[in-house]
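> Here is my input; please provide its structure:
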Amino acid sequence: MRGLSGAVLLRALLRVVAPALLVALTVSCAGGASGLPPDITPLPSESVEQPTPTLRPTGTPIPSADVVLSKGTGLLRGTWMFDFEVGKEVAAGQGDVWWEQVDATHRYLVPQNGAKLALIGGSSYELVSSTLLRGLGFAGVRLDGSNSSGNTLTTNSIVGVRTHNGHYAKVAILAYGYDLTIAWTTFQ
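Residues are numbered from 1 along each chain as shown. You can find the predicted model right below:
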């Protein structure tokens, strides 16, 4: 992790420093601050406009705070659907996920209406940002929440959701069972 963050920092630093060095070399090679050769000075009536270097990394988005659309904790009851944009259980056919109960053992978190899921695992909920969520590989496949060793939705696991309207949500499983106690944050 240290090497990765160091590489990212170095890349960002080079994106900022390289344009400034290029401007400095261009001015220096052109013969001075005016950009004119050293033996030519502008007449008083002539104006020599100096370019102002912009030290903005090219292709790097300006960081912004995550804008929260919906946030809370609640209960997702067995056989019910949940909409993470409005933050509540909803009628059949309206939600992002369905907490399917096949029988006493087999349970699945099933994406609905074009929503997609990504299992993040046991990461720190607070460290999962909208930027991290956007970089995940989402799929329209159900996650196994069966009451067995194959359960991927254990207490403290985190799931990423790309909602049916294209927003991103992080969902923590706070308590597992026939009903799920969840915490969610949906980003704009």
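> quick one: the nearest residue in space to V128 that is not next to it in sequence from T105, how far?
Of all residues not flanking V128 in the chain, K170 sits nearest, at 4.4 Å (CB to CB, 6 or more residues apart in numbering). The C-beta positions use only the backbone N, C-alpha and C, and glycine is treated the same way. Applying CB to CB, to the nearest Å, the value for K170 to T105 is 27 Å.
> Can you classify the residue nearest to V128 by secondary structure?
Reduced to three states with DSSP: H, G, I helix; E, B strand; the rest coil, the structure at K170 is strand.
> Show me where the chain has its helices.
Ranges of helices within the chain are 2-29, 130-134, based on DSSP state H.
> Which one's more surrounded, K170 and T105?
A count of neighbours by other CB atoms under 10 Å puts K170 above the other of K170 and T105, at 26 against 11.
> quick one: the more buried one and W184 touch, right?
Yes. Using CB atoms under 8 Å, K170 is in contact with W184, at 6.8 Å.
> Now do the shared contacts for those two.
Residues touching both K170 and W184 (CB atoms under 8 Å, 6 or more residues apart in numbering) are V161.
> got a list of what N165 touches?
Applying CB under 8 Å, 6+ apart to N165 gives the contacts E85.
> Phi, psi for it please.
Phi and psi for N165, reported as degrees, to the nearest 10, are phi -100, psi 10.
> Could you report the separation of it from G93?
N165 sits 15 Å away from G93, going by CB to CB.
> Repeat that for T163.
T163 is 15 Å from G93, where distance means CB to CB.
> same thing with V128?
Distance from V128 to G93, by CB to CB: 28 Å.
> Repeat that for D144.
In this view, D144 and G93 are 23 Å apart by CB to CB.
> between the two, who's got more neighbours?
D144 (15 against 9).
> unless I'm mixing things up, the more buried one is touching L153, no?
Yes. Counting by CB under 8 Å, D144 does reach L153; the two are 7.4 Å apart.
> Q101 - nearest residue in space that isn't next to it in sequence?
Distances taken as CB to CB, 6+ apart place G78 nearest to Q101, at 4.4 Å, with adjacent residues excluded.
> now S146
Nearest to S146 is H106, by CB to CB, 6+ apart, at 4.9 Å.
> That neighbour contacts N151, correct?
No. The pair H106 / N151 is not scored as a contact, 10.3 Å apart, by CB under 8 Å.
> what distance separates the start and the end of stretch 120-135?
Distance between the two ends of stretch 120-135: 12 Å, counting by CA to CA, to the nearest Å.
> Which of the residues in that stretch are classified as buried?
For stretch 120-135, the neighbour count (16 or more other CB atoms under 10 Å) marks 120, 125, 128, 130, 133 as buried.
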